[in-house]
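K.L.:
Have a look at this fold, sequence not included:
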Ligand code: GTP
Ligand code: MG
């Protein structure tokens, strides 16, 4: 898919105040520092569109980016950031939970996983929660530039096996990416394009 335009629309912490156009949207979620904002910049080929940082906890709000004037990418704060106070953590969890449960435009979310890491409880629990609430999601492995091809393959296999053992009958769609090497871009955009197609197709019918 060609990205002709990518525009920041708004940031907020209230799902009721998110853009109210009936356009499909895709949200990126995952641990702090996993590379959510970097991935948005890589996919859109706009370097500073989403704010990134080497320090975890950079993204604090729900950020909407309008793509090609007819769908949205959503950058969310990360979970599992130890330095956030308990009160902030609760507030955060509440509005993120509301976002996932109430946002009708959300057609698919992507859980980002650092490809170097062993399966972590917090990610597994989050995916379980998405599943229980029937929120469709895919997995995007990030930072693949940090591993050699054989190790990438091994890590993905290991992760998917853990998911299948843990709770899932079938593996969710998954993608291997690197924002610094621009890897996986076509695959992720192709998947989004496919979902957009059925969204708009179904509406026309
Ligand atoms: P929060 O907003 O804090 O939750 O983080 P985030 O998930 O949005 O991560 P962000 O995109 O800000 O990236 C965090 C750090 O990881 C930055 O230092 C990025 O440069 C680095 N990073 C992101 N993607 C990649 C990647 O594909 N490869 C490598 N090597 N580094 C990456
Ligand atoms: Mg971020």
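P.N.:
Done, it's in. Remember, predicted model here, so these are calculated numbers, not experimental data. Numbers count the residues shown, from 1 in each chain. Ligands and ions are numbered 1, 2, ... in the order given.
K.L.:
residues from the protein in reach of ligand 1?
P.N.:
32-38, 52-54, 56-59, 77-78, 142-143, 145-146, 178-180 (C-beta under 6 Å from any ligand atom). For glycine as for every other residue, the C-beta is placed from the backbone atoms N, C-alpha and C.
K.L.:
Looking at those, which are in strands?
P.N.:
residue 142 (DSSP state E).
K.L.:
Just the buried ones from the residues of the chain next to ligand 1?
P.N.:
Buried members of the residues of the chain next to ligand 1, counted by 16 or more other C-beta atoms under 10 Å: 32-38, 52, 56, 58-59, 77-78, 142-143, 178-179.
K.L.:
Please compute how far the longest strand seen in the chain lies from its chain's middle.
P.N.:
In the chain, with assignment by DSSP E, the single longest strand is strand 106-114. From the chain centre to the centre of strand 106-114 is a distance of 3 Å (C-alpha atoms, centre = their mean, to the nearest Å).
K.L.:
average pLDDT across the helix or strand just after that strand?
P.N.:
For strand 106-114, the following helix or strand on the C-terminal side (DSSP states H and E) is helix 121-132. In this model, helix 121-132 has a mean pLDDT of 92.
K.L.:
before we move on, what about stretch 94-110?
P.N.:
94.
K.L.:
Leaving out sequence neighbours, find the closest residue to residue 47.
P.N.:
Counting by C-beta to C-beta, 6 or more residues apart in numbering, residue 41 is the residue found nearest to residue 47 once chain neighbours are left out, at 5.6 Å.
K.L.:
so that neighbour is in which element?
P.N.:
helix 36-44.
K.L.:
for the next helix or strand after that helix, what is the average pLDDT?
P.N.:
As assigned by DSSP H and E, the chain's next helix or strand after helix 36-44 is strand 62-67. For strand 62-67, the mean per-residue pLDDT is 97.
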